[in-house]
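Visitor: Model the structure of this input:
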Amino acid sequence: MADPFTPLGDRAIRFPRPESSTPRALVRALRTWHGVIDVVISRDDVAVYFAETPVVEPAQLAALPNLPDDAEVPRDIVLRATYDGPDLEEVAQAAGVTTDEVIAIHSGTTYLVETMGFAPGFAYLTGGDPRLALPRRPTPRTRVPGGSLAVAAGYTAVYPFDSPGGWHLIGRVAERMYSSSGAFLQLGDRVRFER
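Guide: Presented below is the predicted three-dimensional model:
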């Protein structure tokens with residue numbers, strides 16, 4: 001029988017993400033495991049990092065699907081957006097709508113922080129309109145300004161600081177996504193963009 005997880009060095013493991021549990025519930029459950037120091041959830045996988053060589057029983061993994069969600073009510077976050085990104089017109093053309101319609105579609109949606117990654121404070125927001133689910137740009141930019149509001153591959157995100165990036169830039173937000181106190185957005189947050 002194959003191992004239920006893949007070792008990542010001698011102090012971490014990776015396994016397929018259970019679809020039936022929310023990210024917040026997974027993080028809460030995994031942080032109760034002995035020696036866990038960090039949990040990273042992506043769209044398809046979960047990585048768990050330990051202070052020492054982990055001992056994980058198959059029963060621990062089997063208990064992860066269908067976890068009850070965190071009892072703490074998710075936060076509702078409103079980010080102030082200016083829709084003036086360099087790719088706004090290109091996104092409108094690809095979606096078959098006007099730029100005003102892109103703005104209305106994007107700002108008329110409530111998103112969910114589904115995963116965190118790529119860079120500290122980079123939140124992958126799901127729940128967007130499928131018309132804006134464009135593939136990533138064929139050629140990434142070497143520098144995307146921090147605060148840029150972007151769409152790609154069915155997600156919306158705000159770049160937390162200047163970095164390379166291959167998403168379509170449709171605007172920018174006023175709030176800082178990452179600071180010395182950590183990430184502004186958290187797993188499970190519900191996010192709206194307000195003009």
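Visitor: Model confidence at the residue most central in space within the chain, what's the number?
Guide: Centroid-nearest residue in the chain, with CA atoms, centre = their mean: Tyr124, separated by 2.1 Å. Looking at Tyr124, its pLDDT stands at 95.
Visitor: How is it assigned, secondary-structure-wise?
Guide: Secondary structure, DSSP: H, G, I helix; E, B strand; the rest coil: Tyr124 is strand.
Visitor: That one bridge partners, please.
Guide: Tyr124 has these beta-bridge partners by DSSP bridges: Thr115.
Visitor: thinking it is in contact with Tyr111, fair?
Guide: No. Between Tyr124 and Tyr111 there is no contact under CB atoms under 8 Å: 9.5 Å. For every residue, glycine as well, the C-beta is placed using N, CA and C.
Visitor: got the domain boundaries for the protein?
Guide: 6-62, 76-194 (automatic domain parsing).
Visitor: So for Asp69, which of those domains sits nearest?
Guide: With CB to CB as the measure, domain 6-62 is the member of these nearest Asp69 (4.9 Å).
Visitor: what's the offset of that closest one from the middle of its chain?
Guide: 17 Å (CA atoms, centre = their mean, to the nearest Å).
Visitor: quick one: terminal-to-terminal distance for it?
Guide: Domain 6-62 has an end-to-end distance of 15 Å (criterion: CA to CA, to the nearest Å).
Visitor: For that domain, the averaged confidence score.
Guide: For domain 6-62, mean pLDDT rounds to 90.
Visitor: and what of stretch 169-184?
Guide: Mean predicted lDDT for stretch 169-184 stands at 93.
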